[in-house]
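**Student:** next input, structure requested:
(one chain, ligands or ions: 1)
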Amino acid sequence: MSFGIFCIACGATDCDFEKHHYPVPRLAGGKSTISLCRTCHNLVSRIPLKDWPWEVYKAVIESDFRGPALLAFLKIVEKYYREPENHDNQ
Ligand SMILES: [Zn+2]
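**Tutor:** Below you'll find the predicted structure:
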């Protein structure tokens, strides 16, 4: 754990930061890291895509998240998302 300036995903500034290996995962030998708050790091590294809160998917589409970043998100969801057994998307 380390202290950074802000979480590049959510913008949090007043929290502990963790290093997320990007773009190559640590287990694959990655050395470069970015700073994420613990909540965002949990979503990216510890919670399977199918278990992400539905609000996260809605927030991406309803945000100003556009261009290559949105296309990359859509591609990742298309490749890795699997419908959970008890998915509630209401
Ligand atoms: Zn964050």
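
**Student:** how many neighbours does G67 have?
**Tutor:** When neighbours are counted by other CB atoms under 10 Å, G67 registers 8. Where C-beta positions appear, they are placed from N, C-alpha and C, glycine not excepted.

**Student:** what pLDDT does the model give it?
**Tutor:** The model reports G67 with a pLDDT of 90.

**Student:** kindly report the domain assignment for this structure.
**Tutor:** Using automatic domain parsing, the domain ranges for the chain come out as 1-47, 50-83.

**Student:** would you mind finding the most buried of those domains?
**Tutor:** Comparing the domains of the chain by mean neighbour count (mean count of other CB atoms under 10 Å), domain 1-47 comes out on top with a mean of 14.

**Student:** nearest to the ion, out of the domains of the chain?
**Tutor:** The ion sits nearest to domain 1-47 of all the domains of the chain, at 3.2 Å, using CB to the ion.

**Student:** that closest one vs the ion: in contact?
**Tutor:** Yes. Judged by CB under 5 Å from the ion, domain 1-47 comes into contact with the ion through C7, A9, C10, A12, C37, C40.

**Student:** among those, which lie within helices?
**Tutor:** Mapping the residues of domain 1-47 next to the ion onto helices (DSSP state H) picks out C40.

**Student:** dump the residues of domain 1-47 next to the ion to a markdown table, plus pLDDT and distance to V56.
**Tutor:** Listed next are the residues of domain 1-47 next to the ion as a markdown table, based on pLDDT from 0 to 100; distance: CB to CB, whole Å:
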| residue | pLDDT | distance to V56 |
| --- | --- | --- |
| C7 | 92 | 15 |
| A9 | 87 | 11 |
| C10 | 87 | 11 |
| A12 | 92 | 15 |
| C37 | 94 | 14 |
| C40 | 93 | 10 |
